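A.B. asks: Could you look at this predicted model? Sequence included:
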Amino acid sequence: KNEVEQSPQNLTAQEGEFITINCSYSVGISALHWLQQHPGGGIVSLFMLSSGKKKHGRLIATINIQEKHSSLHITASHPRDSAVYICAVPLIYSGGGADGLTFGKGTHLIIQP
Amino acid sequence: NAGVMQNPRHLVRRRGQEARLRCSPMKGHSHVYWYRQLPEEGLKFMVYLQKENIIDESGMPKERFSAEFPKEGPSILRIQQVVRGDSAAYFCASSPDRPNTEAFFGQGTRLTVV
């Protein structure tokens, strides 16, 4: 069974700062997901990646399969980026990718103006 | 193509009543997952279904909880004789019938047991 650790648990930063959130997992995976959740809101998928790096606007996600580690970066952070960011990997690595997900506890990010 | 639709968004039930949560997956998606998010806790897997089949229910409590995904209609998560500890946000996600695809989540149903 895969276990996911995220850090930091809480992060407060000033507008414009470069943000990094880290995720480590215990078992080899087919793909890793980064999700965003606003307070009381739904869950939005930001990235799904299995190798290398992906970029979408000011968001960048990287993954190192050998080290079982992924990072989510936010450049030029803005107060609207304030949310919980959650890392998720397949519950059980079967290679098929259709399994349920197991999640990190989330990083509560607050960007102050 | 509408996203994953969950209803109701908010549900209040008295202790002992039944709660029925519905999830309509995205068009073309045949895999449905239910997750629970307890207050101040992370998301936890409950059950994984395909049409008319439960594939993995290892995360579902053995008593009072059941799930189905019939040939026609939405997936239903049913909680019988609800207790205060069932108060949580319940999220549904769906994926198409191929591996390594993005996770598509619904807006969730927030169940409050009073």
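C.D. replies: Everything's here; your move.

A.B. asks: now the strands for chain B?
C.D. replies: B:5-7, B:10-13, B:19-24, B:31-37, B:43-50, B:53-56, B:65-68, B:75-79, B:88-95, B:104-105, B:109-113 (DSSP state E).

A.B. asks: interface residues of chain B facing chain A?
C.D. replies: B:31, B:33, B:35, B:41-45, B:47-48, B:56, B:59, B:91, B:93, B:95, B:97, B:99-108, B:110 (C-beta under 8 Å from any C-beta of the partner chain). Heads up, the C-betas are built off the backbone N, CA and C, glycines and all.

A.B. asks: Try it again at 7 Å.
C.D. replies: B:31, B:33, B:42-43, B:45, B:48, B:56, B:91, B:95, B:99-108 (C-beta under 7 Å from any C-beta of the partner chain).

A.B. asks: I'd like to know which of those residues are buried.
C.D. replies: Neighbour-count burial (16 or more other C-beta atoms under 10 Å in any protein chain shown) applied to the residues of chain B next to chain A gives B:31, B:33, B:42-43, B:45, B:48, B:56, B:91, B:95, B:100-101, B:103-108.

A.B. asks: So which residue is smack in the middle of chain B?
C.D. replies: residue B:34 (3.6 Å; C-alpha atoms, centre = their mean).

A.B. asks: Would you mind measuring from the closest residue to it other than its chain neighbours to residue B:78?
C.D. replies: Spatially, and ignoring its direct neighbours in sequence, residue B:34 is nearest to residue B:46 (4.4 Å; C-beta to C-beta, 6 or more residues apart in numbering or on different chains). Going from residue B:46 to residue B:78 by C-beta to C-beta, to the nearest Å gives 12 Å.

A.B. asks: which of the two has more neighbours?
C.D. replies: residue B:46 (22 against 13; other C-beta atoms under 10 Å in any protein chain shown).

A.B. asks: Share the number of residues neighbouring residue 90, please.
C.D. replies: Using chain A here. 25.

A.B. asks: To clarify, I was referring to chain B.
C.D. replies: For residue B:90, using other C-beta under 10 Å, the count is 22.

A.B. asks: residues touching it, list them.
C.D. replies: Neighbouring residues of residue B:90 by C-beta atoms under 7 Å, 6 or more residues apart in numbering or on different chains: B:21, B:34, B:36, B:77, B:108, B:109, B:111.
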